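A.B. asks: Sequence plus the predicted model coming up.
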2 protein chains.
Amino acid sequence: MDDQASTDLVDEIANDRVRGASELARAALDNLGRLARERPASRSDALRTDLGDLAQRFIQARPSLAPIANLLGDWRHWLERQPSQELDQLRTTAAAEAERLMAVSLAAQERTAELAAVELGGGKRILTHSLSSTLLGVFRRLRGTGTKVILTESRPLNEGYLLAARLADWGIPSTLITEAQMGLIAQEADLALIGADSLLADGSVVNKAGTLLLALAARQAGIPFYVACEGFKWRKDAQAIRLEIMDPSELGAPTWPGVEIRNQYFDVTPAGLVSGWFTESGFSRRWPPVAE
Amino acid sequence: MDDQASTDLVDEIANDRVRGASELARAALDNLGRLARERPASRSDALRTDLGDLAQRFIQARPSLAPIANLLGDWRHWLERQPSQELDQLRTTAAAEAERLMAVSLAAQERTAELAAVELGGGKRILTHSLSSTLLGVFRRLRGTGTKVILTESRPLNEGYLLAARLADWGIPSTLITEAQMGLIAQEADLALIGADSLLADGSVVNKAGTLLLALAARQAGIPFYVACEGFKWRKDAQAIRLEIMDPSELGAPTWPGVEIRNQYFDVTPAGLVSGWFTESGFSRRWPPVAE
């Protein structure tokens, strides 16, 4: 596999605007497992170094997404602890370790969705924003329970459409709105619920731009604002997170002289606006989570 | 002029998503002035009744927009006080009264813009949402003063594009964002400023959906949230306002079974979130306005 091929794989993760952070981390792990098997190398330590560098490139491609840093970081650390493996053995075990981490991530996400669905129960009107694979797991489990969902387009790329299609498949009645309508419509919901791309050390939430507005709208309307986020989404350091700015052409707007077009993908919702966090350990009204 | 022609004129006002409330009120008055001259009638009192009914149709076409109710209501009341005019005299004076009201409305709007521009001064970074003819007057006066504007697309019909084009013409640097980005970007602004479609009796603001979110974002970011609104925008009654819901197809979304698409055009921002109101009488931090 040549360098262009690995660059293409990194770019695919860098440019993905639709899959959530955990799904992208698993996709990157899947790529790394394949690269561990196929990457040209004459010696085990050269392969280790090469794979470690590749993992780092995936991590740097999406600095706002904690699951990539956490899961690929775990894989790198595992690599660093294997100095004595032969080349063929390293290829097999590195690929297996990537698959193990993918399975652990998926299990944590599914467990979080399961606990959230049980805790929330049926018959609720849930207001959400953007698309989250954890929330897909929640909604799938709430089929046939009288749940209703209010969801946003999620500009600029309208990933809300994908959620609307899934809800339609599952027979969950829903209302699709522009982000602008979140303020007024919060009064019609029982609660707001979102996934997260990352959790900062203090429990603040990095998620698709507009999430902060949803949290403010929820507080204004007097409804709780919940976050569903397995542990791989938590950033362990207290460093400032770099919020990615994407290609302005995604807005599809005309251009004018002197008009900058901004496409900031994420915002940060302070922990103080969060009513509670669902994780694979359960529901907690406090951060760090304490099972209740 | 047949009934289809008057229905077309009413529909044009009903379906206009771009012009602000005061502009639409003046357009409706312009139509009524023309109808006063051209509408078939054999007697003065029949014409008076007919014109009054037409005015009422324009008012009912846009229930969220106070300037239409106020200015056309004034015109109707004027008509009711002219029982003794001959037919030709009534045609001329009714058209003249419509023009007078248009001029008074425009003067109030321009005076509001002038006072707001003077009070705000140059060098500010102003965050706004939607398109307002009063705010165009403010920005036009702030050309060359170091003013910068952050503006939204204003989905679903993107009237923010029209504002971006005007700011570009005037050489005012600006940043165009999705509504979703208002939360984060409020930290980069010195103040938020909007026009209004209507002011409720308690000073609450009826304006394009998303305005409530902007007010909440401004409070979160610690910047003031100002409203520019001449007196014709104030509703005198305390009745609940009917917030118009427009054609869902304006969102341009696909359709799915069980997915309602909502296109609520306006929201209500409580007076408690407003830092101050600019009117033709000056700036006031309290409602009803007290010049400061």
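C.D. replies: Thanks, I have the structure now. Numbers count the residues shown, from 1 in each chain, chains lettered A, B, ... in the order given.

A.B. asks: Poorly predicted segments of chain A, please.
C.D. replies: Where chain A drops to pLDDT under 70, the residues are A:1-2, A:238-239, A:291-292.

A.B. asks: show me where it has helices.
C.D. replies: Taking DSSP state H as the test, the helices found in chain A are A:3-14, A:21-38, A:44-61, A:66-80, A:87-120, A:133-141, A:160-169, A:182-185, A:211-221.

A.B. asks: So which elements touch the second one?
C.D. replies: Using 3 or more C-beta pairs under 8 Å, 6 or more residues apart in numbering or on different chains; DSSP states H and E as the contact definition, the elements that helix A:21-38 packs against are helix A:3-14, helix A:44-61, helix A:66-80, helix A:87-120, helix A:133-141. Yep, even glycine has a C-beta here, placed from its N, CA and C like the rest.

A.B. asks: Try it again at 7 Å.
C.D. replies: Here helix A:21-38 touches helix A:3-14, helix A:44-61, helix A:66-80, helix A:87-120, going by 3 or more C-beta pairs under 7 Å, 6 or more residues apart in numbering or on different chains; DSSP states H and E.

A.B. asks: same deal with the third one?
C.D. replies: Helix A:44-61 is packed against helix A:3-14, helix A:21-38, helix A:66-80, helix A:87-120, with contacts defined by 3+ C-beta pairs under 7 Å, 6+ apart.

A.B. asks: thinking again about what came up before, pipe the helices of chain A into TSV and attach mean neighbour count per row.
C.D. replies: Below are those laid out as TSV (neighbours: other C-beta atoms under 10 Å in any protein chain shown):
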stretch	mean neighbour count
helix A:3-14	14
helix A:21-38	22
helix A:44-61	18
helix A:66-80	21
helix A:87-120	18
helix A:133-141	21
helix A:160-169	19
helix A:182-185	26
helix A:211-221	26
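
A.B. asks: any idea how far residue A:187 lies from residue A:212?
C.D. replies: Distance, residue A:187 to residue A:212, by C-beta to C-beta, to the nearest Å: 19 Å.

A.B. asks: just residue A:290 next, same as before
C.D. replies: Distance from residue A:290 to residue A:212, by C-beta to C-beta: 25 Å.

A.B. asks: Kindly report the same for residue A:205.
C.D. replies: According to C-beta to C-beta, residue A:205 stands 9 Å off from residue A:212.

A.B. asks: intersection of neighbour lists for these two?
C.D. replies: Residues touching both residue A:205 and residue A:212 (C-beta atoms under 7 Å, 6 or more residues apart in numbering or on different chains) are A:268, A:269.

A.B. asks: Would you confirm that residue A:287 contacts residue A:201?
C.D. replies: No. Taking C-beta atoms under 7 Å as the definition, residue A:287 is not a contact partner of residue A:201, at 9.2 Å.

A.B. asks: Neighbour count: the two, which is higher?
C.D. replies: residue A:287 (19 against 15; other C-beta atoms under 10 Å in any protein chain shown).

A.B. asks: And that one, how far from residue B:243?
C.D. replies: In terms of C-beta to C-beta, residue A:287 sits 37 Å off from residue B:243.

A.B. asks: Dihedrals phi and psi, residue A:246?
C.D. replies: Per-residue torsions, residue A:246: phi -100, psi -180 (degrees, to the nearest 10).

A.B. asks: which ones are touching the nearest residue to residue A:154 once chain neighbours are set aside?
C.D. replies: Sequence neighbours aside, residue A:160 is the residue nearest to residue A:154 in space, at 4.1 Å (criterion: C-beta to C-beta, 6 or more residues apart in numbering or on different chains). For residue A:160, the contacting residues are A:131, A:151, A:152, A:153, A:154, A:176, by C-beta under 7 Å, 6+ apart.

A.B. asks: next one: residue A:6
C.D. replies: Counting by C-beta under 7 Å, 6+ apart, residue A:6 makes contact with A:35, A:54.

A.B. asks: do you know how far it is from residue A:39?
C.D. replies: 8 Å.

A.B. asks: now swap in residue A:156 and tell me
C.D. replies: With the distance defined as C-beta to C-beta, residue A:156 ends up 35 Å from residue A:39.

A.B. asks: The two: who's more crowded?
C.D. replies: A direct count of neighbours by other C-beta under 10 Å for residue A:156 and residue A:39 places residue A:156 higher, at 23 against 18.

A.B. asks: Surely that one and residue B:178 touch.
C.D. replies: Yes. Here residue A:156 lies in contact with residue B:178, judged by C-beta under 7 Å, at a distance of 5.9 Å.

A.B. asks: Residues in contact with both of those two, list them for me.
C.D. replies: With C-beta under 7 Å, 6+ apart as the test, residue A:156 and residue B:178 both reach residue A:251.

A.B. asks: which non-adjacent residue is nearest the most far-flung residue of chain A relative to its centre?
C.D. replies: The outermost residue of chain A relative to its centre, with distances by C-alpha atoms, centre = their mean, is residue A:42 at 36.4 Å. Nearest residue to residue A:42, sequence neighbours excluded (C-beta to C-beta, 6+ apart): residue A:87, at 7.9 Å.

A.B. asks: for residue A:48, same thing?
C.D. replies: Once flanking residues are discounted, residue A:48 sits nearest to residue A:79: 5.3 Å by C-beta to C-beta, 6+ apart.

A.B. asks: And that neighbour, how far from residue A:105?
C.D. replies: According to C-beta to C-beta, residue A:79 stands 18 Å off from residue A:105.

A.B. asks: can you give me how far stretch A:204-220 is from the chain middle?
C.D. replies: The chain centroid and the centroid of stretch A:204-220 are separated by 15 Å under C-alpha atoms, centre = their mean, to the nearest Å.

A.B. asks: again, but for stretch A:50-63
C.D. replies: Put simply, stretch A:50-63 sits 17 Å off its chain's centre (C-alpha atoms, centre = their mean).

A.B. asks: contacting residues around residue A:58?
C.D. replies: Per C-beta under 7 Å, 6+ apart, neighbours of residue A:58: A:10, A:13, A:28, A:68, A:72.

A.B. asks: Could you rerun that using 8 Å?
C.D. replies: A:10, A:13, A:28, A:31, A:32, A:68, A:72 (C-beta atoms under 8 Å, 6 or more residues apart in numbering or on different chains).

A.B. asks: how about CSV for the residues you listed, with distance to residue A:167 added?
C.D. replies: Formatted as CSV, the contacts of residue A:58 follow (distance: C-beta to C-beta, whole Å):
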residue, distance to residue A:167
A:10, 33
A:13, 27
A:28, 28
A:31, 30
A:32, 33
A:68, 27
A:72, 31
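
A.B. asks: quick one: which of those residues is nearest to chain B?
C.D. replies: Nearest to chain B, judged by C-beta to the nearest C-beta, of the contacts of residue A:58 is residue A:68 at 21.3 Å.

A.B. asks: The closest one - nearest residue in space that isn't next to it in sequence?
C.D. replies: Residue A:68 sits nearest to residue A:25 (C-beta to C-beta, 6+ apart), 4.6 Å away.

A.B. asks: OK, contacts around that neighbour?
C.D. replies: Counting by C-beta under 8 Å, 6+ apart, residue A:25 has contacts A:65, A:67, A:68, A:70, A:71, A:72, A:105, A:232.

A.B. asks: roughly how far apart are it and residue B:248?
C.D. replies: Relative to residue B:248, residue A:25 is positioned 36 Å away (criterion: C-beta to C-beta).
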